[in-house]
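> sequence and computational prediction follow.
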2 protein chains.
Amino acid sequence: MTDFAFADSDLQKFEEPANLLKALSHPIRLCIVRGLMRKKKCNVSYMQECLDLPQSTVSQHLQKLRSAGIVTTERSGLEVNYILADRRIEDIVNILFGEEDCRDE
Amino acid sequence: MTDFAFADSDLQKFEEPANLLKALSHPIRLCIVRGLMRKKKCNVSYMQECLDLPQSTVSQHLQKLRSAGIVTTERSGLEVNYILADRRIEDIVNILFGEEDCRDE
DNA sequence: TCGTTATATTAGAATACTACGATATAAGAA
DNA sequence: TTCTTATATCGTAGTATTCTAATATAACGA
């Protein structure tokens, strides 16, 4: 009955990974993460300009990535730089995008 | 301006991977996928019993996995068996759950 | 201090997701 | 055919996401 590893109580074990994936599963956020894999460090207005989206939209996506632990921040003066913070995420994104090593394709 | 690889038109390139992740980012669906990695093939009522959830709930999650291309089906008599259909998904789940090779932990 | 720039937060409407009972379909047995 | 089992779909209430303008905060310079 449980070699499928499906015990009800176990469902809790899947909450955290599911939340991580959920934070990543939006085209804008995926794009941001991919960009950070290439650029290593980036401030908000630069992303905003590249993405051509309202500032609050970009910022809200960044907060979502941050509270999932996917990125972290580093203030320098007026700017806040975002940096990837979870190695697993890079591996996942590489799987999705075919592992080419961060040059322009 | 675009070494971040953030051109607006490019956002479309992220839709498909984002949808794949979205289909995966729910604890029940993650649990099902993980179970299928171990058991290879499984019918609905078995999953339903293990998960202890209403039949329609399980079925709906399965349809979501199926329409994302994550699983495929194979009917045998009254039963419908579900099988993983996307290798990338297994890699992603292994990253999330620490890569132990499908024995009971 | 005041002004300016960069970023974060709030508010609220539109949209999407989730759970689950009720119902429908599909396949085999009698 | 009718009955039964296994699975899928529908209806819908509750909940969560998403977008964006408006507003708030944080840091710097004058």
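Received the coordinates, thanks. Numbers count the residues shown, from 1 in each chain, chains lettered A, B, ... in the order given.

> surely residue A:14 and residue B:30 touch.
Yes. At 4.5 Å, residue A:14 and residue B:30 qualify as touching, with contact defined as CB atoms under 8 Å. Bear in mind the C-beta positions are built from the backbone N, C-alpha and C, glycine included.

> flag the shaky bits of chain A, pLDDT-wise.
A:1-9, A:99-105 (pLDDT under 70).

> all helices for it, in order.
A:15-24, A:27-39, A:44-51, A:55-67, A:87-97 (DSSP state H).

> reformat the ones you listed as JSON lines; add mean neighbour count and distance to chain B.
Formatted as JSON lines, the helices of chain A follow (neighbours: other CB atoms under 10 Å in any protein chain shown; distance: least, CB to the nearest CB, whole Å):
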{"stretch": "helix A:15-24", "mean neighbour count": "19", "distance to chain B": "3"}
{"stretch": "helix A:27-39", "mean neighbour count": "21", "distance to chain B": "4"}
{"stretch": "helix A:44-51", "mean neighbour count": "18", "distance to chain B": "3"}
{"stretch": "helix A:55-67", "mean neighbour count": "15", "distance to chain B": "10"}
{"stretch": "helix A:87-97", "mean neighbour count": "18", "distance to chain B": "4"}
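
> against residue A:48, how distant is the residue of chain A found nearest DNA strand D?
Closest approach between chain A and DNA strand D, counting by CB to the nearest atom of the strand: residue A:56, at 3.2 Å. In this view, residue A:56 and residue A:48 are 10 Å apart by CB to CB, to the nearest Å.

> residue contacts, residue A:75?
residue A:81 (CB atoms under 8 Å, 6 or more residues apart in numbering or on different chains).

> name the residues of chain A found near DNA strand C, please.
Residues of chain A lying close to DNA strand C (CB under 7 Å from any atom of the strand) are A:43-46, A:48, A:55-56, A:59-60, A:62-63, A:73, A:78-81.

> ok, back up a step: so which of the helices of chain A gets nearest residue B:93?
Residue B:93 lies closest, by CB to CB, to one member of the helices of chain A: helix A:15-24, at 8.2 Å.

> what's the spacing between that closest one and its chain's center?
10 Å (CA atoms, centre = their mean, to the nearest Å).

> ditto for stretch A:50-60
15 Å.

> also stretch A:64-83?
With CA atoms, centre = their mean, you get 11 Å for stretch A:64-83.

> just stretch A:63-71 next, same as before
Worked out by CA atoms, centre = their mean, stretch A:63-71 lies 7 Å from the chain centre.

> ok, residue A:79 - contacts?
Contacts of residue A:79 by CB under 8 Å, 6+ apart are A:43-45.

> same thing but at 7 Å, please
Shown in contact with residue A:79 (CB atoms under 7 Å, 6 or more residues apart in numbering or on different chains): residue A:43.

> that one and residue A:67, how far apart?
20 Å.

> likewise residue A:26?
14 Å.

> which residues touch residue A:82?
A:36, A:42, A:62, A:71, A:73.

> next, count neighbours for the last one.
Which is residue A:73. 14 (other CB atoms under 10 Å in any protein chain shown).
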